[in-house]
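Colleague: what follows is a protein structure lacking sequence information:
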């Protein structure tokens, strides 16, 4: 994998998708998760993702990982975390079809990742790339996130959106005037978000 590659494809294309943020949606948000030792899946995540699989949704993770640019984690360690997420979910019969991550941050310390880019949410490049790779129909798709930047990215792509409850305070520092766009629903966790859409 090249140093700028940020995609992990697992299965063939589907027509509808659930775009999911990672931290605070699938696993506990601990700030900058830098190893598998600190990984903790949220209680409802596996069952919710399995339900999406059963309903024929392509499950695509789109996650900002500016810690790469800031030197908190290497791309290799990040890949190990993503592999471990898949392994743990698989034990409960759940599958992620792809994980896209943005390693960039404008205030980074690693030159190759220090930039303003189109993939860092609320940028839409990760969602657009997933849609192209999997031939996604946005009319039947949605996004679940725990930050206002997630919701704005989804809104910009015309997706229905759910905000995981309690995330607004954590996202305050990343807000822009455009973030006033409200989610379609506010949920306690991923399970409730999935129930809303299904």
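Modeller: Yep, it's here. Being a predicted model, the structure only gives us computed values, none of them experimental.
Colleague: can you list the strands that the lengthiest strand in the chain pairs with?
Modeller: Longest strand in the chain, counting residues (DSSP state E): strand 58-64. Taking DSSP bridges as the criterion, strand 58-64 forms sheet pairs with strand 17-20 (parallel), strand 98-102 (parallel).
Colleague: list of residues touching the first one?
Modeller: It refers to strand 17-20. Here strand 17-20 makes contact (Cβ atoms under 8 Å, 6 or more residues apart in numbering) with 26, 49, 52, 57-62, 127, 130-131, 134, 136, 141-145, 154, 159, 190, 194, 197. All C-beta atoms are positioned from the backbone trio N, CA, C, and that covers glycine.
Colleague: name the next helix or strand downstream of it, please.
Modeller: Stepping forward along the backbone from strand 17-20, the first helix or strand reached (DSSP states H and E) is helix 45-54.
Colleague: now for that next one, which elements pack on it?
Modeller: Under the contact criterion of 3 or more Cβ pairs under 8 Å, 6 or more residues apart in numbering; DSSP states H and E, the helices and strands touching helix 45-54 comprise strand 58-64, helix 75-91, helix 190-197.
Colleague: what residues of it count as buried?
Modeller: Within helix 45-54, the residues that count as buried by 16 or more other Cβ atoms under 10 Å are 45, 46, 48, 49, 50, 51, 52, 53.
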